[in-house]
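Enquirer: pasting a predicted model and its sequence here:
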Amino acid sequence: MVTDRSRYPGAEVARDGVRLRPVAEGDLPMLVRFAVEPGLVGLDWHGFRDPGAPARRFAADGWLGEEDGRLAVEVEAEQAAAGVVGYRAGRYGGAAIHWEIGIVLLPEWRGRGIGWRAQALLCDYLFCHTPAQRVQAGTHPENAAEQRALEKAGFQLEGVLRACEFRAGRWRDGWLYSRLRDDPSPWDRPED
């Protein structure tokens, strides 16, 4: 362990009825849906993807790679997978590792507070098990729900990334958020 667990209570990967767990074979149909159903991932639809890729990746490393991976987001009361969170390593200046995270929830689980909790848990998990100082996430200027979720998860808006994504036939801006290891924990503030 790199840090004190008491600073990152989410290192247990469950809180407030939301749990992160390794992707299981039973989650593969959900991952295939994200790859082949237009609009299921909202603004992040980038066209059809290989429907066999999720199973191949699962067979290779269970989606738990050293440089990137995914964890299932489970609603504990229903013991149902609501979506997935993902993480990918990056480096600034060649040495300073950071993580870029993302989330996708099935439509029936959106708007229930699951997303911010899952992203906060993932940050705590990454800060507990890696020496990274920074976790960042990008979103679309028009995705107000994800902006609120990131802020509730302890992220701060850093700025606009101009023309960073090609989507729906043109280059589009994105917004970059970050949470640093020493930022206040979202679990320490009163619920909105």
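Expert: It's in. Residues are numbered from 1 along each chain as shown.

Enquirer: against residue 67, how distant is residue 117?
Expert: Residue 117 sits 25 Å away from residue 67, taking C-beta to C-beta, to the nearest Å as the criterion. (Glycine included, C-beta is placed from N, CA and C.)

Enquirer: looking at those two now, which is surrounded by more residues?
Expert: The neighbour count for residue 117 versus residue 67, taken as other C-beta atoms under 10 Å, is higher for residue 117 (24 against 10).

Enquirer: just the buried positions in the host helix or strand of that one, please.
Expert: Element membership for residue 117 (DSSP states H and E) is helix 114-129. Buried positions in helix 114-129, judged by neighbour count with 16 or more other C-beta atoms under 10 Å: 114-128.

Enquirer: repeat for stretch 149-157
Expert: Neighbour-count burial for stretch 149-157 [16+ other C-beta under 10 Å]: 149-150, 152-155.

Enquirer: same question for that stretch, mean pLDDT?
Expert: What stretch 149-157 shows for mean pLDDT is 98.

Enquirer: return it as PDB; C-alpha atoms alone will do.
Expert: Extracted C-alpha coordinates of stretch 149-157, given in PDB (Å, rounded to 0.1, in the frame of the first residue of the first chain):
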ATOM      1  CA  ALA A 149     -21.100  13.900 -11.000                       C
ATOM      2  CA  LEU A 150     -17.400  14.800 -11.300                       C
ATOM      3  CA  GLU A 151     -17.700  17.700  -9.000                       C
ATOM      4  CA  LYS A 152     -19.600  15.600  -6.400                       C
ATOM      5  CA  ALA A 153     -16.800  13.000  -6.700                       C
ATOM      6  CA  GLY A 154     -14.200  15.700  -5.700                       C
ATOM      7  CA  PHE A 155     -13.000  16.800  -9.100                       C
ATOM      8  CA  GLN A 156     -12.300  20.400 -10.100                       C
ATOM      9  CA  LEU A 157     -12.700  21.800 -13.600                       C
END
